[in-house]
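Q: what would the 3D arrangement of this be:
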Amino acid sequence: MERMVIFFVLSFCSSTVLAAASRRAVKYKQIFKTIEELEATVKDKDVELLHTPENPVGGCLDTAVRCFKEGTLKLQPANSQVNATFAKAIRVISKFTFRGPGKCESSCESYEKKTPKEFLKSFANLIKEV
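A: Here you go, the predicted model:
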């Protein structure tokens with residue numbers, strides 16, 4: 001009887017852990033897909049260059065994500081036909097949260113400025129790594 005109870009407790013705990021991991025993976029896949037949609041609808045000429053974190057170290061991942069979230073708010077749609085898709089993608093990214101393992105001393109302004117398409121490619125690469 002005791003073995004059966006222990007078995008059920010262990011199976012419950014492991015299924016809970018697997019469910020949490022899969023929710024996170026689904027969330028990251030959704031963010032990655034949203035970034036790809038933005039790449040197709042973003043205006044890339046005559047726009048403000050954005051601070052683009054590239055290859056942030058482990059402790060700076062949360063700062064890099066924050067910089068990307070702030071940068072996406074400065075993006076503009078390529079034309080009026082993609083406004084609805086563009087606005088939805090911005091909303092999805094603005095709700096994205098990430099908690100990194102440590103503190104980072106660098107700020108968003110310390111990163112090099114790049115075009116919106118390069119900015120989004122770097123953001124997608126960061127999401128792939130996480």
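Q: how near is residue 115 to residue 109?
A: With distances taken as C-beta to C-beta, to the nearest Å, residue 115 is found 17 Å from residue 109. To be clear about C-beta, it is placed using only N, CA and C from the backbone, and glycine gets the same treatment.
Q: who has more neighbours, these two?
A: residue 115 (16 against 8; other C-beta atoms under 10 Å).
Q: contacts only, for the more buried one.
A: 44, 47, 49, 50 (C-beta atoms under 8 Å, 6 or more residues apart in numbering).
Q: just the buried residues out of the residues you listed, in ChimeraX syntax.
A: Restricted to buried positions by 16 or more other C-beta atoms under 10 Å, the ChimeraX selection for these reads:
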select :50
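Q: tell me which of the contacts of residue 115 fall in strands.
A: residue 50 (DSSP state E).
Q: now the contacts of residue 115 as a markdown table including pLDDT and distance to residue 89?
A: Below are those laid out as a markdown table (pLDDT from 0 to 100; distance: C-beta to C-beta, whole Å):
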| residue | pLDDT | distance to residue 89 |
| --- | --- | --- |
| 44 | 86 | 15 |
| 47 | 88 | 16 |
| 49 | 92 | 20 |
| 50 | 93 | 16 |
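Q: isn't residue 123 up against residue 68?
A: Yes: Residue 123 is within contact range of residue 68, at 4.5 Å (criterion: C-beta atoms under 8 Å).
Q: can you give me the strands for the chain?
A: 50-51, 113-114.
Q: let me have the ones you listed in JSON lines, extended by distance to residue 37.
A: Formatted as JSON lines, the strands of the chain follow (distance: least, C-beta to C-beta, whole Å):
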{"stretch": "strand 50-51", "distance to residue 37": "18"}
{"stretch": "strand 113-114", "distance to residue 37": "19"}
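Q: highest average neighbour count across these?
A: strand 50-51 (a mean of 21; mean count of other C-beta atoms under 10 Å).
Q: just checking: what are the partner strands of it?
A: Take DSSP bridges as the rule and strand 50-51 pairs in its sheet with strand 113-114 (antiparallel).
Q: right, and residue 34 touches residue 93 too?
A: Yes: contact criterion C-beta under 8 Å: residue 34 and residue 93 qualify, at 5.9 Å.
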